[in-house]
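> Below is the structure, and that's it, no one-letter string:
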């Protein structure tokens, strides 16, 4: 809601002299800004945000196609800008991660960016500049990538994909630890990605467990843990310290009714 309010305030001011802003303001709601906000930590670009907003406008079918694109282009800038003002720490930590990847790959161009999850699961980004060969048959052309571990890492993809993969590691750890707690309490547990399921009679208890496991996971800074691991893995790289943590009280998660949908 905070991001929506910031975006709305900016658009209201611009609507005084910009007809496009006036149109955007008339259709602005939570559904339009939600997806770009949620996928920012997974590395969504401005073009990706524009496409997401345009899809929502297409579903609403209140604007013609030409206007949908123009409004989506306008809103993508405002939404990502508003997010940067509200969630400053998220942007800083993502930029720190990317900077570290650049520094590491400059010193270790043939190494892959890797880390270990809090549960001890090894994570390796497999992106390399593999040699590709095009095979032409009478029916089609097939591109075959030759796996060669001596090839240097694909710098662009290592950097762009890193923050999202790191977030996925935290998500997977949270799911796994919640599952282990469920086993301890003899609660039936099932999941599909970020959707946790159990029987209706144990749903409330599962809600308590997943909140407790989230707080436990993030009580200690994951960024600091990653920083220390990278210093050991890549000793020649001058890796900067992560940004300081904010002042958000994690224990509020335990009482949040909308923490997990």
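That came through, no problem. Treat the numbers as computed from the prediction; the structure is a model and nothing was measured.
> Helix or strand next in line after the helix or strand hosting residue 169, which one?
For residue 169, the host element (DSSP states H and E) is helix 155-184. Scanning forward in sequence from helix 155-184 by DSSP H and E, the next helix or strand is strand 190-192.
> just checking, what packs against the next helix or strand after that following strand?
Going down the chain from strand 190-192, the next helix or strand is strand 195-197, by DSSP H and E. Packing contacts for strand 195-197, counted by 3 or more C-beta pairs under 8 Å, 6 or more residues apart in numbering; DSSP states H and E, involve strand 190-192. For glycine as for every other residue, the C-beta is placed from the backbone atoms N, C-alpha and C.
> What pairs with the strand it packs on, parallel or antiparallel?
As defined by DSSP bridges, the strand partners of strand 190-192 come to strand 195-197 (antiparallel).
> List the buried residues of the partner strand.
residue 196 (16 or more other C-beta atoms under 10 Å).
> on that earlier part again, give me the packing partners of the helix holding residue 169, helices and strands only.
helix 88-107, helix 203-219.
> mind checking which of those helices is nearest residue 113?
helix 88-107 (5.5 Å; C-beta to C-beta).
> which other residues reach the helix or strand immediately after the closest one in the chain?
Once helix 88-107 ends, the next helix or strand along the chain (criterion: DSSP H and E) is strand 114-116. For strand 114-116, the external contacting residues (C-beta atoms under 8 Å, 6 or more residues apart in numbering) are 122-125, 166, 169, 226, 229-230, 233.
> Out of the helices and strands packed on helix 155-184, which gets nearest to residue 44?
Minimum separation from residue 44 across these (C-beta to C-beta) falls at helix 88-107, 11.1 Å.
> Give me the angle between the closest one and helix 155-184.
Put simply, helix 88-107 runs at 120 degrees to helix 155-184, going by axes from the mean of the first three to the mean of the last three C-alpha atoms, to 10 degrees.
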